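Undergrad: Generate a structure from the sequence data that follows.
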Amino acid sequence: MAKPVYALVGSDSFLQLQKLAELLRQLPPDAQRVDVDGERADLATVLDELRSFAMFGGGKVVVVRNADDFISRFREPLETYVSSPSESATLILRVESLPSNQRISKAIAKVGSVENCEPPKDLARWVVGHAKSAHDVTISVEAARLLVDYVGQDLGRLDTELAKLALQCDAGKIGPDDVSCGVAFQRERQMWDMTNELACGRTSEALHKWRQLVALDSSAEFRAVTWLGMWLENVRKALAMKRKGLPPFTIAQQLRIWPREIQQPFFQTADALGDAGVARATDLLADIDLRSKSGLGEAESNVERYILEMGRMQQQRSA
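TA: Model prediction:
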């Protein structure tokens, strides 16, 4: 039977959604679900939903995503509600952090449950277990480690790759060769390596990896803008988080800047670009995307020019 209040605590959205699905299965099938954004939600609205009757009599569940800010703004009245929650509704708070020594955490634990949704330290072990429980396949420890090395700590992407490998493998077993032979997956990893070189300020290496990638897969030129845009977004977020006083380790963890050895060069590149450099780089990326789609030069050559221009920008700003 579902409890009146839950806190799903952790930085990994995949684990939060997995736990949320598990909790929802404990509710009656006709339970009315209401989702609100904690960054904009008003406490009165949330409490009204929790205390009002469900339309079809199956009870209510109110899910507050991004609830860190919600708790900060309404801590005391929320503590009051948790101490005497509605008997006909369930409140689920999705938060990144909720220290166990805080009163709200203790109050939730008393009447409900605080669920840990942090990624496991041993990801390879998690992959082995998840492959069996979620996809009904067996993956060797060596293959699991290789998959983690390719994908990183994103559990959602690990789950997606396991799902694809489960369809491709023979006899329900995944080995290192199965992981290594995923052609599309390898190309994605190589594109990531190219943007990592850019993030480290190694323009010549980025250019070399780009040419290798296009030689192996001509379709890469149509995906480059997306990957470069993702990299720029990470740089922009890193600068914003640094202004808020977050330490580099926390920023790298939240933005999934991996492997570890590229983190320091990434931050050096971000500092060298600055907000103005990121804005200029974004405009330049939009321009080469438009040129490629308008037939003004080959997409491959346009991306090369972009990589070279990024290198010049980094040198100028760090000089």
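Undergrad: only C-alpha atoms for contact and neighbour calcs from this point on.
TA: Noted.
Undergrad: in the stretch 51-200 of the chain, what spans have low per-residue confidence?
TA: Along the stretch 51-200 of the chain, segments meeting pLDDT under 70 span 54-58, 182-189.
Undergrad: Now with 80, please.
TA: Low-confidence segments of the stretch 51-200 of the chain (pLDDT under 80): 53-58, 149-153, 170, 180-192.
Undergrad: how about the strands of it, start to end?
TA: 60-65, 89-95, 113-116, 138-139, 173-174 (DSSP state E, counting those that start in this stretch).
Undergrad: so what strands line up beside the fourth one?
TA: Each strand pairing with strand 138-139, determined using DSSP bridges, is listed with its direction: strand 173-174 (parallel).
Undergrad: Give me the distance from the partner strand to the chain's centre.
TA: Once both centres are worked out by CA atoms, centre = their mean, to the nearest Å, strand 173-174 turns out to sit 26 Å from its chain's centre.
Undergrad: got the contact list for it?
TA: Here strand 173-174 makes contact (CA atoms under 8 Å, 6 or more residues apart in numbering) with 137, 138, 139, 140, 143, 165, 166.
Undergrad: how about a cut-off of 7 Å?
TA: With contact meaning CA atoms under 7 Å, 6 or more residues apart in numbering, strand 173-174 is reached by 137, 138, 139, 140.
Undergrad: pretty sure the last one contacts residue 177?
TA: No: taking CA atoms under 7 Å as the contact criterion, residue 140 and residue 177 are not neighbours in contact, 10.8 Å apart.
Undergrad: So if I had to pick from those two, which one is more boxed in?
TA: Shown here are residue 140 and residue 177; by other CA atoms under 10 Å, residue 140 has more neighbours (16 against 10).
Undergrad: ok, and the closest non-adjacent residue to that one?
TA: The spatial neighbour of residue 140 that comes closest, neighbours along the chain excluded (CA to CA, 6 or more residues apart in numbering), is residue 175 at 5.8 Å.
Undergrad: And the one you found, its phi and psi?
TA: Dihedral pair for residue 175: phi -110, psi 180, per degrees, to the nearest 10.
Undergrad: Over to residue 296?
TA: phi -90, psi 80.
Undergrad: Wait, residue 137 touches residue 164, no?
TA: No: Residue 137 is beyond contact range of residue 164, at 11.3 Å (criterion: CA under 7 Å).
Undergrad: Which element, helix or strand, includes residue 231?
TA: Assigned by DSSP states H and E, residue 231 belongs to helix 224-243.
Undergrad: Show me what that helix is in contact with.
TA: 195, 251, 255, 270, 275, 278, 285, 289.
Undergrad: Show me what the very next helix or strand once past it packs onto, helices and strands only.
TA: Sequence order places helix 248-255 as the next helix or strand after helix 224-243, per DSSP H and E. Helix 248-255 is packed against helix 224-243, with contacts defined by 3 or more CA pairs under 7 Å, 6 or more residues apart in numbering; DSSP states H and E.
Undergrad: Pretty sure residue 35 sits in a helix.
TA: No: if the criterion is DSSP: H, G, I helix; E, B strand; the rest coil, then residue 35 is strand and not within a helix.
Undergrad: That one reaches residue 63, doesn't it?
TA: Yes: contact criterion CA under 7 Å: residue 35 and residue 63 qualify, at 4.8 Å.
Undergrad: What strand or helix carries the residue nearest to residue 200 when sequence neighbours are not counted?
TA: Excluding its sequence neighbours, the residue lying closest to residue 200 (CA to CA, 6+ apart) is residue 265, at 4.5 Å. Counting by DSSP H and E, the element that carries residue 265 is helix 263-293.
Undergrad: Quick check: next helix or strand after that helix?
TA: Next element after helix 263-293 (DSSP H and E): helix 299-318.
Undergrad: Report the angle between that next one and helix 263-293.
TA: Counting by axes from the mean of the first three to the mean of the last three CA atoms, to 10 degrees, helix 299-318 lies at 140 degrees to helix 263-293.
Undergrad: pLDDT wise, what is the residue lying closest to residue 119 once chain neighbours are set aside at?
TA: Closest residue to residue 119 apart from its sequence neighbours, by CA to CA, 6+ apart: residue 12 at 6.3 Å. Predicted confidence (pLDDT) for residue 12: 85.
Undergrad: Who are the contact partners of residue 12?
TA: By CA under 7 Å, 6+ apart, the neighbours of residue 12 are 117, 118, 119.
Undergrad: just curious, which of these is nearest to residue 67?
TA: residue 117 (14.2 Å; CA to CA).
Undergrad: Thanks again, I'm all set now.
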